[in-house]
Each structure stands twice: as structure tokens, then as C-alpha cells.
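Colleague: Structure for the following, please:
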Amino acid sequence: MSLLKPFSKLPGLNSANILLVESKEEFQQSLADALVQETAFTVNVRLAKSLPLPIENEESRPRIDLVVFIIDLTSELSFQSTEASLKCLDPGYFLGKVCFMVINARNAAAPIERLDAVRKLAASLHCPLLFTEGQTPDGVANATERLLTILKVAAGFVPMATALYLSNLTRSTVSPDIDQPSFD
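Modeller: Numbers count the residues shown, from 1 in each chain. Next up is the predicted model:
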């Protein structure tokens, strides 16, 4: 198994690379299409169902500036795939270059226990946790705007700001009473 490492390659000039990881690929493509519309700098989007990435094209693969795990709360497989994929990332990615994006959180079929598990996972790794609505164009645009803000910092386009600093400001925190039943 090959670990994906954040600093093993040099960055591209005026470009940022983002890796979107989603097991079902429902929201992934619409988000990728919206991300590449950015005009201030070049955004290269890589798509994956899970990690590790294939070893065959490792030499030609650019440096990945941000890894986004898209978790569908209505799918247990989505959460399990994310947990398994996290093991394939170098610990350096957890210094501000990983974020979790949750879709279908408003769906009645999404169990509250899974939402709590995702919140605990993001808090334990000190990573940002974003919620978005993937079915509407406004939801995709909102998710794109938030990801581009994080990507600009992670790729080094914002002076005097680092990905670790942004991660500390936006990380998910879990309240001490998370083990208590919520929203009852």
C-alpha cells in the first residue's frame, strides 16, 4: 500500500490540485465541474472512489493540495470507505490538507448515530467538517465556494495564512455531551 504524501512533489505554478474521494460518485462530478470554473487560478480536480490511488501513474501525478472526503449520510458504505481510505494518507495531510464534506444530512433516512460518528471522526483528526446540499445548484455553488476558500490556503495562495492555521480555525469540535442522545 502506497501512502499519499503532501510534500513529495513540487507545487505547480498558479495551480492547485484537489482530490475528491466519494464511494458513490453522485455529488463528486457536479462539484468537480463547478470547481474547474475558477478563473483566478487553475484548479485541477482528481476523482477517486477510495484510496489508495493506483501506483501505475504515481510519477506523473501532481502534488495534491487538498483531499476532500465526501460522505453520504444515507450510506453506511460511504462512511466505511472514508474510514478505510484515511489509512492511506500520510500524517502530514492532517495538518490542514484534509476536509470532510457531508451530503444528505437533512434526509430523514440518515441515522443520527452516523452523523455523530462523522462529527467525532472529523474532531479526532482536527479537520474541517462541511455540510452541503448536493441536489440543488445553489448547494453545489455553496460547496464550491467553501472548498475554494480552503483550497486557496492549502495551496499557499493566501499570504500570511497556512493550512494548519486555517484548520485550527475551521476544525470540527465535538461537545463533551456528544455521547448523549442529541435532538431528542
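Colleague: Give me the contact list for stretch 102-122.
Modeller: In this structure, residues lying in contact with stretch 102-122 by C-beta atoms under 8 Å, 6 or more residues apart in numbering are 26-27, 70-74, 76, 79, 82-83, 100, 128-134, 171-172, 174, 178, 182-183. For every residue, glycine as well, the C-beta is placed using N, CA and C.
Colleague: no no, stretch 68-84
Modeller: The contact list for stretch 68-84, computed with C-beta under 8 Å, 6+ apart, reads 18-24, 26-28, 31, 49-51, 85-86, 98-105, 107, 109-111, 114-115, 117-118, 121, 147.
Colleague: Please list only the buried members of the residues you listed.
Modeller: Buried by 16 or more other C-beta atoms under 10 Å: 18-23, 26-28, 31, 51, 85-86, 98-105, 110, 114-115, 117-118, 121, 147, out of the contacts of stretch 68-84.
Colleague: follow-up on the earlier one: what about the contacts of stretch 68-84, which are in strands?
Modeller: Residues of the contacts of stretch 68-84 located in strands (DSSP state E): 18-21, 98-103.
Colleague: Name the nearest of these relative to Asp90.
Modeller: Using C-beta to C-beta, Val98 comes nearest to Asp90 of these, at 10.4 Å.
Colleague: for the closest one, what are its contacts?
Modeller: Val98 neighbours (C-beta under 8 Å, 6+ apart): 66-69, 89, 125, 127.
Colleague: do that again at 7 Å, thanks
Modeller: 67, 89, 125, 127 (C-beta atoms under 7 Å, 6 or more residues apart in numbering).
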